[in-house]
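Q: Just need the structure, nothing else, for what follows:
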Amino acid sequence: MQHQVLPLSLRMTGAILSAMSRPFPVTTAKLFYRLYCTPPALKLRPVHQQFRDQAVLQHLQVTSYPFDNAPLKVTTYRWGTTGPKVLLLHGWGGSPLHFKQLISSMVARGYQVVSYDGPAHGLSGGKRTNLVQWMHVLEQVMQQEGPLHAIVGHSFGGLNAALTLSRKNVHVPRLLMLSTALSAPVFFDEALRLFRIHPEVMPVLHQLIRQRLKEDLSEMDMHRYINNIKADKIWMAYDTTDTLAKATEIDDYLQQYPAIQSLRITGDGHFRIMRHEAVLQGILAILAADIK
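A: Here you go, the predicted model:
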């Protein structure tokens, strides 16, 4: 069973934001926004560092936002040199190297694997980032990489892929999502409740996002794009013990989007699902299947 335990520093920050939220909603919204645009630091394990040494690292230059042409360096990783190309998207605070088992299996079966450190992650540029930027960067990476056989996204990476394929002029034959968050607005609502931040902050936060990112937070929700994800085959794996991507919410979503094939497991939670044997085999089966 997976339990969500917040670090002491984050609990203390939450307590401060809670105390500030009613008398100072604008300041609280700005601090909360900054907090949730700052990914946690990640220290790679030796096994992941060794696996990175087996990859070919390159750098792409992309623009930062649809409304901001400031250059942003994106570090890409490549395993395999021939075969159908599969793009992997890590989650918030994650790394392409967390797909180690899947990458090894795909390369052994003749696939070419490409991934990249998201903005403000790993070796890519930036200190803070957000979903709007992730979608913009993914669109550019897809355009530069050329035809893809599939995209595999974990957690925030899956949400990024689904929204990009729904909202941008891009298409992929196969989209596979693992423990995918479904809705940025729901995520923010839950975070505000977790920190006991006064409800008055939420509309201020919506306005702040519109001002800074030129987007409406309510649009960052997969429920708004039922049957509109531009992928010929869509597959989703999730875990009933996941406390971050809740199985009950995914169950409801799948009822609304019956074209999505799915695998429901129990016991591995949000992160270990990436190396669960049935999940790995399910991914490989979808990659090998013909598009009908």
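Q: Can you spell out which helices and strands pack onto whichever strand in the chain runs longest?
A: The residue-count maximum for a strand in the chain (DSSP state E) belongs to strand 68-79. Counting contacts by 3 or more Cβ pairs under 8 Å, 6 or more residues apart in numbering; DSSP states H and E, strand 68-79 is packed against strand 56-65, helix 100-108, strand 112-116, helix 131-145. Any C-beta I mention is one placed from the backbone N, CA and C, and that applies to glycine too.
Q: Next, the angle from the third one to strand 56-65.
A: Our comparison of strand 112-116 with strand 56-65, counting by axes from the mean of the first three to the mean of the last three Cα atoms, to 10 degrees, yields an angle of 50 degrees.
Q: Likewise for the longest one?
A: What separates the directions of helix 131-145 and strand 56-65 is an angle of 130 degrees, with the same axes, to 10 degrees.
Q: contacting residues around helix 131-145?
A: With contact meaning Cβ atoms under 8 Å, 6 or more residues apart in numbering, helix 131-145 is reached by 60, 62-66, 72, 74, 76, 85, 87, 89, 114, 116, 118-119, 126, 148, 156, 159-161, 163-164, 167-168, 170, 172, 184, 213-215, 220.
Q: which of those are buried?
A: 60, 62, 64-65, 72, 74, 76, 85, 87, 89, 114, 116, 118-119, 126, 148, 156, 159-161, 163-164, 167-168, 170, 172, 184, 213, 215, 220 (16 or more other Cβ atoms under 10 Å).
Q: from those, which ones fall inside helices?
A: Counted as lying in helices by DSSP state H, out of the buried ones among the contacts of helix 131-145, are Phe156, Leu159, Asn160, Ala161, Leu163, Thr164, Arg167, Ala184, Leu213.
Q: that older thread, give me the buried positions along the longest strand of the chain.
A: Across strand 68-79, burial judged by 16+ other Cβ under 10 Å covers Leu72, Val74, Thr75, Thr76, Tyr77, Trp79.
Q: Same question for stretch 197-206.
A: Neighbour counts using 16+ other Cβ under 10 Å place Ile197, His198, Val201, Met202, Val204, Leu205, His206 of stretch 197-206 among the buried residues.
Q: now the end-to-end length of that stretch.
A: Counting by Cα to Cα, to the nearest Å, you get 15 Å between the two ends of stretch 197-206.
Q: buried sites along stretch 36-50?
A: Tyr36, Cys37, Pro39.
Q: And the contacts of that stretch?
A: 52, 92-95, 97-98, 100, 118, 120-122, 127-130, 188, 191.
Q: Can I get it as PDB, trimmed to CA atoms?
A: Extracted as PDB, the C-alpha positions of stretch 36-50 are listed here (Å, rounded to 0.1, in the frame of the first residue of the first chain):
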ATOM      1  CA  TYR A  36       4.000  24.200  -7.600                       C
ATOM      2  CA  CYS A  37       6.100  25.500 -10.500                       C
ATOM      3  CA  THR A  38       9.300  24.400  -8.800                       C
ATOM      4  CA  PRO A  39      10.100  20.700  -9.300                       C
ATOM      5  CA  PRO A  40      11.700  18.800  -6.400                       C
ATOM      6  CA  ALA A  41      15.400  18.100  -6.700                       C
ATOM      7  CA  LEU A  42      16.200  14.600  -7.900                       C
ATOM      8  CA  LYS A  43      19.300  12.600  -7.000                       C
ATOM      9  CA  LEU A  44      19.900   9.800  -9.400                       C
ATOM     10  CA  ARG A  45      20.800   6.300  -8.000                       C
ATOM     11  CA  PRO A  46      24.100   4.800  -9.300                       C
ATOM     12  CA  VAL A  47      22.100   2.300 -11.400                       C
ATOM     13  CA  HIS A  48      20.400   5.200 -13.200                       C
ATOM     14  CA  GLN A  49      23.700   7.100 -13.600                       C
ATOM     15  CA  GLN A  50      25.200   4.000 -15.200                       C
END
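Q: Nothing else from me, thank you.
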